[in-house]
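Student: Coordinates for the following, if possible.
(chains A and B)
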Amino acid sequence: AQSVAQPEDQVNVAEGNPLTVKCTYSVSGNPYLFWYVQYPNRGLQFLLKYITGDNLVKGSYGFEAEFNKSQTSFHLKKPSALVSDSALYFCAVRDIGFSGGYNKLIFGAGTRLAVHP
Amino acid sequence: DVKVTQSSRYLVKRTGEKVFLECVQDMDHENMFWYRQDPGLGLRLIYFSYDVKMKEKGDIPEGYSVSREKKERFSLILESASTNQTSMYLCASSFFGQGAYNSPLHFGNGTRLTVT
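Tutor: Okay, here's the model as predicted:
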């Protein structure tokens, strides 16, 4: 069965420092991986996705993610954190148990990112 | 931009009440989803629909039903609300078709339901 794990409940980083939010996955076959962000009192917003191709994927708001097949990881990164990046981040994998265009996603538990001034 | 609108931000209901959560999307998407969000559990799929009047159970359908009479609207129904259904409910939509498997979901802002 497909699954994703986000091993850290919370990540704390100082503004201006690089940040990493970790995600590992377990899938049979090729993974389709996504990162979403949730700001307070809002729904989830799409950040980026990995389908195939380059292992470094660039997304919205200066975020990028590195796909590592041997380590089954898809860590979210940003070179210089902003206080406004403080939010809840979710990693997700497409559930390939569903065919066609259902696009059902399996989400991790989420990691709260706190960026301190 | 895709807009997914959930009719209520906050709801307070009593145990045993029938509760309707409404969701409307304006991008003519075929797929619509209801997720439940709880701390430490992430998002769990309750039901989804890939066409009008079509629905499929997700991972936690017990105690819920759905209705999709029009393409743009997807309703979640709690037949008899219980305190363990206190949660944040998120609606999402996406298109169906070639390439849909890697298209992102578009989420509403959520409805925080409290059952007392």
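
Student: in chain B, which spans are helices?
Tutor: Counting by DSSP state H, chain B forms no helices at all.

Student: what does it put close to chain A?
Tutor: B:4, B:9, B:30-31, B:33, B:35, B:40-45, B:48, B:50, B:56, B:58, B:90, B:92, B:94-98, B:100-110 (C-beta under 8 Å from any C-beta of the partner chain). (C-beta placed from N, C-alpha, C; glycine too.)

Student: Buried ones from those, can you make that a PyMOL selection?
Tutor: Only the buried members of the residues of chain B next to chain A end up in this PyMOL selection, burial being decided by 16 or more other C-beta atoms under 10 Å in any protein chain shown:
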select buried, chain B and resi 4+30+31+33+35+42+43+44+45+48+50+58+90+92+94+95+100+101+103+104+105+106+107+108+109+110
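
Student: Just the ones of the residues of chain B next to chain A in strands?
Tutor: Those of those mapping onto strands are B:4, B:31, B:33, B:35, B:42-45, B:48, B:50, B:56, B:90, B:92, B:94, B:106-107, per DSSP state E.

Student: Spatially, which two of these are the most separated?
Tutor: Of all pairs drawn from those, the one with the longest distance (C-beta to C-beta) is B:42 and B:50, at 22.6 Å.

Student: Residue A:48 and residue B:14, how far apart?
Tutor: In this view, residue A:48 and residue B:14 are 42 Å apart by C-beta to C-beta, to the nearest Å.

Student: Mind checking which of the two has more residues around it?
Tutor: Neighbours around residue A:48 and residue B:14, counted as other C-beta atoms under 10 Å in any protein chain shown, are more numerous at residue A:48. The numbers are 19 against 10.

Student: any weak-confidence spans in the chain?
Tutor: Picked chain A for this. Applying pLDDT under 70 to the predicted model, the residue ranges of chain A that meet it are A:96-103.

Student: let's do chain B instead
Tutor: Using pLDDT under 70 as the threshold, the predicted model of chain B has low-confidence ranges B:1-2, B:97-101.

Student: For the residue nearest the centre of it, give the beta-bridge partners.
Tutor: Closest to where the C-alpha atoms of chain B average out (C-alpha atoms, centre = their mean) is residue B:34, at 2.4 Å. The bridge-partner assignment for residue B:34, based on DSSP bridges, gives residue B:47, residue B:91.
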